[in-house]
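*Asks:* Below is the structure, and that's it, no one-letter string:
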Ligand code: ATP
């Protein structure tokens with residue numbers, strides 16, 4: 001490198017965790033808006049593991065949910081499906097995700113944790129919540145029906161230091177997708193064609 005010192009931060013990576021049961025246009029639109037607004041180089045869609053002990057476990061298996069994320073992101077090179085939480089044993093905790101990613105990517109990467117306003121508000125109940133804000137910049141993204149104001153939170157709450165970004169405000173949830181599928185109604189306005197085909201052939205969510 002001669003006398004020039006290498007620049008420290010070379011890459012800005014978004015970390016978007018979720019059950020993605022299934023991935024829908026709200027997820028992809030949020031990632032796109034944050035990617036553009038924060039000038040990111042990449043967004044990782046980190047799929048949660050199977051968590052049978054959780055109160056409302058995902059309906060589809062981790063491998064089906066991961067496959068659907070891959071299908072939805074197939075033609076978008078800057079968005080990448082990550083199985084880092086699936087291959088780690090046990091329940092998924094964001095603090096573990098971020099620690100593993102720091103180890104994998106090294107110090108030259110800056111992480112941006114993307115969370116919907118509903119998830120951000122409950123972050124004080126997350127494992128090692130105080131650590132999370134040290135491992136990534138938290139971006140709380142607006143979600144219809146979810147008011148978010150970082151100033152409402154006590155300073156010990158991880159979301160008190162979050163950047164609020166209103167984003168595209170798309171009123172879609174995986175719950176809505178699943179209930180439409182159960183009712184035999186169309187979801188073509190809510191999920192990608194490739195994901196719809198996967199759900200059809202695997203008979204998920206019936
Ligand atoms: P479910 O309806 O099953 O609870 P979901 O649609 O909220 O699912 P998740 O996979 O739980 O989807 O969400 C992953 C992340 O994406 C969370 O941080 C959540 O807040 C955020 N998110 C999901 N949908 C939207 C949306 N339409 N607008 C903003 N954020 C969203």
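*Replies:* Okay, I see it. Quantities reported herein were computed from a predicted structural model and do not represent experimental measurements.

*Asks:* Show the low-confidence segments of the protein, by residue range.
*Replies:* 1-7, 52-54 (pLDDT under 70).

*Asks:* can you tell me the residue of the protein closest to the ligand?
*Replies:* Using C-beta to the nearest ligand atom, the closest approach of the chain to the ligand is made by residue 116 at 1.9 Å. Every residue, glycine included, has its C-beta placed from N, CA and C.

*Asks:* Any idea what the closest residue to that residue other than its chain neighbours is bridged to?
*Replies:* Distance criterion C-beta to C-beta, 6 or more residues apart in numbering; nearest residue to residue 116, sequence neighbours excluded, is residue 143 at 4.6 Å. Beta bridges link residue 143 to residue 146 when assigned by DSSP bridges.

*Asks:* OK, contacts around residue 143?
*Replies:* 26, 116, 117, 118, 169 (C-beta atoms under 8 Å, 6 or more residues apart in numbering).

*Asks:* and the residue of the chain closest to the ligand, how many neighbours does it have?
*Replies:* 20 (other C-beta atoms under 10 Å).

*Asks:* Now for it: which residues touch it?
*Replies:* With C-beta under 8 Å, 6+ apart, residue 116 has these contacts: 30, 140, 141, 143, 146.

*Asks:* Which stretches in the protein count as strands?
*Replies:* For the chain, the strands defined by DSSP state E occupy 11-18, 42-47, 79-82, 109-116, 137-141, 163-165.

*Asks:* In TSV, list the ones you listed along with distance to residue 189.
*Replies:* Converted to TSV, these look like this (distance: least, C-beta to C-beta, whole Å):
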stretch	distance to residue 189
strand 11-18	20
strand 42-47	21
strand 79-82	20
strand 109-116	20
strand 137-141	21
strand 163-165	24
